[in-house]
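Student: Here is the input, now give the coordinates:
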Amino acid sequence: MGAGTAGTVKQFISLSTLVECECIEGKTRQMRKMSRLVAEWDQLKHELGEMTTLVGKKDIEMALLKAQLTKTQTDGSITKEFNELKSEKFSPPVTNY
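Tutor: Residues are numbered from 1 along each chain as shown. The predicted structure follows:
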């Protein structure tokens, strides 16, 4: 506020006004609650960033697996392998008499 000048009226600002305008930190419940909420907000932003990264990695992994599946289906090797397994498992055993 500066130094006082002779002949002027001194102005007072109450502690509650300074706390309300967040010029100083008071030991009030509201400030503690606000500080806690800001800390929680920062933590949630950090966790959201981690989850976004994880989801991005999973999206890439899924895209690679889909591409691999499409390539395998296009090559026809799945059908060939399936038919071979099916014929081995479900065909009646051949007996020689």
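Student: State which helix of the protein is the longest.
Tutor: helix 29-75 (DSSP state H).
Student: That helix - what's its average pLDDT?
Tutor: Averaged across helix 29-75, the pLDDT comes to 88.
Student: Which strands or helices does that helix pack on?
Tutor: Helices and strands touching helix 29-75, as assessed by 3 or more CB pairs under 8 Å, 6 or more residues apart in numbering; DSSP states H and E, are absent. (Glycine included, C-beta is placed from N, CA and C.)
Student: any idea how far Glu61 is from Ala67?
Tutor: 11 Å (CB to CB, to the nearest Å).
Student: How about Asn83?
Tutor: To Glu61, Asn83 is 29 Å away according to CB to CB.
Student: cool, and Glu47?
Tutor: Glu47 is 21 Å from Glu61, where distance means CB to CB.
Student: what does Thr72 give?
Tutor: 16 Å.
Student: Show me which of these two is the more surrounded one.
Tutor: Thr72 (13 against 10; other CB atoms under 10 Å).
Student: count of residues packed around Met34?
Tutor: Considering only other CB under 10 Å, Met34 is surrounded by 13 other residues.
Student: Equivalent analysis for the one 5 residues further on, please.
Tutor: Here the neighbour count serves as a burial measure; for Ala39 (other CB under 10 Å) it reads 10.
Student: which residues sit in contact with it?
Tutor: Ala39 makes contact with no residue under the criterion CB atoms under 8 Å, 6 or more residues apart in numbering.
Student: try Asp75
Tutor: Per CB under 8 Å, 6+ apart, neighbours of Asp75: none.
Student: now it: how far from Leu69?
Tutor: Distance from Asp75 to Leu69, by CB to CB: 11 Å.
Student: and if you look at Thr52?
Tutor: 26 Å.
Student: And for Gly49?
Tutor: 31 Å.
Student: now Lys57
Tutor: According to CB to CB, Lys57 stands 19 Å off from Leu69.
Student: likewise Ala39?
Tutor: Ala39 is 45 Å from Leu69, by CB to CB.
Student: cool, and Asn83?
Tutor: Between Asn83 and Leu69 the distance is 18 Å, computed by CB to CB.
Student: swap in Met62?
Tutor: With CB to CB as the criterion, Met62 and Leu69 are 10 Å apart.
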